[in-house]
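prediction below, plus the sequence it came from.
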2 protein chains.
Amino acid sequence: MAKSDSIAFIGLGAMGFGMATNLLKRGYDVTGFDAWGPTLERFRAAGGKTAATPAEAVRGKSIIISCVANSQQTQSVFFTGNSRACPELSSNATVLVASTVSSAYVQEFSRQLIAEGREDVFLVDCPISGGVQRAAEGTLSIMAAGSDAAIGKAQNILSEMSAEKSLYIVKGEIGAGSNMKMVHQVLAAIHVLAACEAMGFADHLGLDLSQTREAVLKSDAQSFMFDHRTPRIFTNFQPVASALTIMLKDIGIITSEARRCNFLAPMSSIAEQAYVTAFRQGYGRDDDSGLIRIYTGDVSTKDGNNSSELGSIEERLALVIALLKGVHVCAAGEALAFAAHLGLDLNQVLDLCLNAAGASRMLEQVGPEIVKKLTGSDVSKNSTQLDIIAKELQHAVEKASFVKAPLWLGAQASNLLQQSKGGDITKVWGQTV
Amino acid sequence: MAKSDSIAFIGLGAMGFGMATNLLKRGYDVTGFDAWGPTLERFRAAGGKTAATPAEAVRGKSIIISCVANSQQTQSVFFTGNSRACPELSSNATVLVASTVSSAYVQEFSRQLIAEGREDVFLVDCPISGGVQRAAEGTLSIMAAGSDAAIGKAQNILSEMSAEKSLYIVKGEIGAGSNMKMVHQVLAAIHVLAACEAMGFADHLGLDLSQTREAVLKSDAQSFMFDHRTPRIFTNFQPVASALTIMLKDIGIITSEARRCNFLAPMSSIAEQAYVTAFRQGYGRDDDSGLIRIYTGDVSTKDGNNSSELGSIEERLALVIALLKGVHVCAAGEALAFAAHLGLDLNQVLDLCLNAAGASRMLEQVGPEIVKKLTGSDVSKNSTQLDIIAKELQHAVEKASFVKAPLWLGAQASNLLQQSKGGDITKVWGQTV
């Protein structure tokens, strides 16, 4: 049942390997390439073909999917050295860039194709989200942008890799897909760090971390990332589901693109410092749940304060929940305001984020309201809900100061919520004074 | 040559011991008390008398100077237990609270005196600054507030402890002195952290740290704290000139008072997280120059990148200088805006800070302009100098992201300077949206 498209798949890492073997299972002829030899053996064992160079991999293929780690590797695969792919691409080949790169880079990729005389190639800017399991099942979230012709050519293969409702054709040119992914990663990166910050806070409050996890997941403080990452806090950050360096790269894209297009990203810029700090402490290759160690010290200190001044277990759990709610609201504000700044369709962004790793109950609750404010269809000034969240967060920040628990995101979110007190939170990201 | 005043000196720590022995040398009859016995022996060896309890120390004395570590200890000395000082104070005694405490606490102290029927006591709110050497020489900076009568009674002894031009009689009631000190500590706490952040950045840029220190001190990035703290980065943070926990306490006062009076303190709130993080890494008792370890890892990594992408040594030094200049400008903005919010005399604040540990060349350069903006005597909108500083800081933050150097303060300062781009930086601290 071989399908008509012949596919080159470049970059057989955790995600790429799953995606490529999914395509094999669905009957496609897939030739894989990866710089790391053992992966190629594994791919052959799974029924795939392999190539020794990018040039060899793409030769004669109608579809090329690139899922290497970053823009440097993408650049190297297509445009650098004797075994580069670009000159060997078939006439009218379709190239899918699925790696998370900046929109600036994928636009540069497009310009380079033209500079090399490859106007015939159809380029699709289509970063992915959803994790290893969904990659292997072909149920990823995909954010695809490109010309109508390119999208038309890629549509079938994109559908094979994504769930029915999680293939997003992003309006706009090459770069719009990467912008959509980047906006999603604002939420993802902040939520992962927030999960670790919250668990570190719980530890310093003398709370049981399992009980805290349960309480958070039942509350409005829930997020996909909290649910997904915190289990590995209990297993010494094993197994490594997502190395810290991956999110470190993504948050770097966010802050550099924010600088490039004059968008203020106060939550992301503080989050970046936390990821970099953890990297400098030597935690880069560990699962990103290991971020908790910048809050607790090298190991969980277990010196939580049980004194009556901190209140009952319920009251202390409420502090952790208040922290997460406040941070998640500000993450939602920053992501959606950034999306608006980039000219993305906000309803599409919201729908995507709510159905991917950027999801949180707060995004669900305040997201639609924020979208209305950003699009000017809601000009009311006050939000009682946000006022309460701001007040409760400030209380949590005060208690954290008392127990000496670092709250990098919490402190910043509290500043932002206080700044917009009684007003429109979205203005925080829009203003210059 | 004994002077007429008999003095009780409570709290013979590093600062208190120097202050008390200075008074001995100047011919005063000083009775010391400290909870730590060996210190009392040392004080006797220096010619002082000692007492076994606070009550015994204050009995019959006309002047009581309290220089314990914090408000909890102050409370304990005067108002808690059988050997508390309050009931034993002589009629019309003058009590000088020299510890760094919140204005809220020193006001509470005043109320407690009255509640205990001691309206006769003259209270002076007079925190100090200047370090151990100036304490011993009697050349401290002192910020004294109280009733005219109380200040009149304390004036002589305050003069004995301070340099001629560094005794500041602060307008306002009890609490104004502590507010003045707190505003000064905004600068002090941020500058210490900034010095460590800058040296960590230099390390990641592959710069020689001695050369960096020299370059900074010659530049507009100079600060008193950079000069004072960075030498101990070269000696494994020895000797301990000022334990991290001291500044940790002060920054906690700043952020809690900011919350109490609805002042937004985005620089201080991020700085607090850095101090708390370092405390949680186990660096609390170390000299606060040890903060550099949250930037470099446990030991200086020496993995600086010398690649051509980072430019020449001069260009890399310029990045470090740009970082410090931007952070110092925002520290100046936050300190002065906070002072204005508290109703302090801004020219007095500026004069004090420029002559104490809060000094920096940027404060000297932009301080007068900021004061004019805050007092409404300068309504011009643009500052070319600040625009250049903002731009250069943003460039430094970008390079830091590239070399993976954490810039907690730098990122926050860059956000604030971008927020006020082309406008009035002081509005950053005044606004709600």
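Structure's in. What do you need?

spatially central residue in chain A, please.
A:Gln185 (3.0 Å; CA atoms, centre = their mean).

list the contacts for that one?
For A:Gln185, the contact set (CB atoms under 8 Å, 6 or more residues apart in numbering or on different chains) comprises A:100, A:247, A:250-251, A:253-254, A:358. No exception for glycine: its C-beta is placed from N, CA and C like everyone else's.

can you list the domain ranges for chain A.
A:6-174, A:179-430 (automatic domain parsing).

hang on, the earlier thing: quick one: pLDDT of the residue nearest to the centre of chain A?
Listed pLDDT for A:Gln185 reads 98.

which residue ranges of the stretch 251-400 of chain A form helices?
Assigned by DSSP state H, counting those that start in this stretch, the stretch 251-400 of chain A shows helices spanning A:266-278, A:293-296, A:313-341, A:346-354, A:361-374, A:384-403.

of the domains of chain A, which stretch is the most buried?
domain A:179-430 (a mean of 22; mean count of other CB atoms under 10 Å in any protein chain shown).

which one is A:Ile292 nearest to, not counting chain neighbours?
A:Cys196 (4.1 Å; CB to CB, 6 or more residues apart in numbering or on different chains).

could you find the closest non-adjacent residue to the residue in the stretch 101-250 of chain A that chain B sits nearest to?
Closest to chain B within the stretch 101-250 of chain A is A:Leu248: 7.6 Å, counting by CB to the nearest CB. Nearest-residue entry for A:Leu248: A:Tyr275, 4.5 Å, with adjacent residues in sequence omitted and distances by CB to CB, 6+ apart.

follow-up on the earlier one: greatest separation within the contacts of A:Gln185: which pair is it?
Greatest spacing in these, by CB to CB: A:Ile253 and A:Gly358 (14.9 Å).

tell me the bridge partners for A:Phe33.
Taking DSSP bridges as the rule, A:Phe33 bridges to A:Ile10.

A:Lys421 contacts A:Asp387, correct?
Yes - contact criterion CB atoms under 8 Å: A:Lys421 and A:Asp387 qualify, at 7.2 Å.

any weak-confidence spans in chain A?
A:1-2, A:298-308, A:381, A:422, A:431-433 (pLDDT under 70).

now with 80, please.
Scanning chain A for pLDDT under 80 picks out A:1-4, A:298-309, A:378-383, A:421-423, A:430-433.

please enumerate the strands of it.
Secondary structure of chain A (DSSP state E): strands located at A:6-10, A:29-33, A:49-50, A:63-66, A:94-97, A:122-125, A:128-129, A:140-144, A:162-169.

the longest one pairs with which strands, parallel or anti?
With DSSP bridges as the test, strand A:162-169 is paired with strand A:140-144 (parallel).

between the strand it pairs with and helix A:346-354, how many degrees?
150 degrees (axes from the mean of the first three to the mean of the last three CA atoms, to 10 degrees).

what about A:Ser414, distance to chain B?
7 Å (CB to the nearest CB, to the nearest Å).

who touches the residue nearest to A:Leu248 in this structure?
Contacts here follow CB under 8 Å, 6+ apart; on that basis A:Tyr275 touches A:189, A:193, A:244, A:247-248, A:251, A:291.

which of these fall in helices?
Under the assignment DSSP state H, the contacts of A:Tyr275 contribute A:189, A:193, A:244, A:247-248, A:251 to helices.

how long is stretch A:217-231 end to end?
Distance between the two ends of stretch A:217-231: 12 Å, counting by CA to CA, to the nearest Å.

what does it rub up against?
Defining contact as CB under 8 Å, 6+ apart, one finds that stretch A:217-231 is touched by A:131, A:188, A:191-192, A:194-196, A:198-199, A:209, A:213, A:216, A:241-242, A:287-289, A:320-325, A:328, A:356-362, A:365.

list the contacts of A:Pro406.
Neighbour list for A:Pro406: A:197, A:200, A:294-295, A:400, B:273, B:276-277, B:280 [criterion: CB under 8 Å, 6+ apart].

how about A:Gly367?
Counted by CB under 8 Å, 6+ apart, A:Gly367 has contacts A:332, A:336, A:350, A:353-354.
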